[in-house]
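Novice: my questions concern the predicted model and sequence given below.
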There are 2 protein chains.
Amino acid sequence: MSQFENVTVIKQANVYYDGKVTSRTVLLPDGSKVTLGIMLPGSYEFGTDQHETMEILAGKLSVLLPGSEEWLHIDGTATFEVPANTRFKLEISTVTDYCCSYS
Amino acid sequence: MSQFENVTVIKQANVYYDGKVTSRTVLLPDGSKVTLGIMLPGSYEFGTDQHETMEILAGKLSVLLPGSEEWLHIDGTATFEVPANTRFKLEISTVTDYCCSYS
């Protein structure tokens, strides 16, 4: 799916790490939400409130999922899951475009 | 207006200047479009195809509009217009959140 239709977009951006990670919130017709975001090169750590499905649309990065000792290496498109109430780490090598879904 | 309703959002980001300027395209019900973007600190120059109305939602920046010799200084919210088929320069001092409309 290359676009989201019949949605509501929150105008104001979500800004993290001095703007090196930013996103926009999109509310879907079924009541769920996604965020469409950009991560610039750098090292980041995020915590989750809900279960997150991270779809990488473009970028080269490594991900350390909660409870894992091995980094997941991504170059291009990929999807990974992060359980609720956990933390995960990201090492971004090139500009990374993502879509995060919550459930 | 803090959100756009009944719109279509293009999933893939628009990326300029190695990701230091990025945006998402939002198609409005009336057939027009806006882009919601982020500019990180730096110096940029953009050309316009259509008339652009740039609404700064947050940020500290200076703008040199086409034909002007004086920089416009913005700290917070502001709106400026850029004619079609011209070029304008931006000096971004802090992470800048914007909404650009085309007409």
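Specialist: Yep, that arrived. Numbers count the residues shown, from 1 in each chain, chains lettered A, B, ... in the order given.

Novice: got the phi and psi for the nearest residue to residue A:102 once chain neighbours are set aside?
Specialist: Nearest residue to residue A:102 in three dimensions, chain neighbours excluded: residue A:50, at 4.3 Å (C-beta to C-beta, 6 or more residues apart in numbering or on different chains). For every residue, glycine as well, the C-beta is placed using N, CA and C. Backbone torsions of residue A:50, given as degrees, to the nearest 10, read phi -110, psi 170.

Novice: for chain A, which residues score under the pLDDT cut-off?
Specialist: Within chain A, not a single segment meets pLDDT under 70.

Novice: at 80 instead, please
Specialist: Where chain A drops to pLDDT under 80, the residues are A:1.

Novice: what count of nearby residues applies to the residue nearest to residue A:102?
Specialist: When neighbours are counted by other C-beta atoms under 10 Å in any protein chain shown, residue A:50 registers 15.

Novice: now do it against residue A:33, distance only.
Specialist: 9 Å (C-beta to C-beta, to the nearest Å).

Novice: list, one by one, the residues from chain A near chain B.
Specialist: A:1-13, A:15, A:18-20, A:22, A:24, A:26, A:36, A:38, A:40, A:57-58, A:95, A:97, A:99 (C-beta under 8 Å from any C-beta of the partner chain).

Novice: now with 7 Å, please.
Specialist: Along chain A, the residues adjacent to chain B under the rule C-beta under 7 Å from any C-beta of the partner chain are A:1-13, A:15, A:18-19, A:22, A:24, A:26, A:36, A:38, A:40, A:57, A:95, A:97, A:99.

Novice: can you tell me which of these are buried?
Specialist: A:4, A:7-11, A:13, A:19, A:22, A:24, A:26, A:36, A:38, A:40, A:57, A:95, A:97, A:99 (16 or more other C-beta atoms under 10 Å in any protein chain shown).

Novice: among the residues you listed, name the ones in helices.
Specialist: Using DSSP state H, no member of these sits in helices.

Novice: so who does residue A:33 touch?
Specialist: Counting by C-beta atoms under 7 Å, 6 or more residues apart in numbering or on different chains, residue A:33 touches A:25-27, A:102.

Novice: if you set the cut-off to 10 Å instead, what comes out?
Specialist: Applying C-beta atoms under 10 Å, 6 or more residues apart in numbering or on different chains to residue A:33 gives the contacts A:7-8, A:10, A:25-27, A:50, A:100-103.
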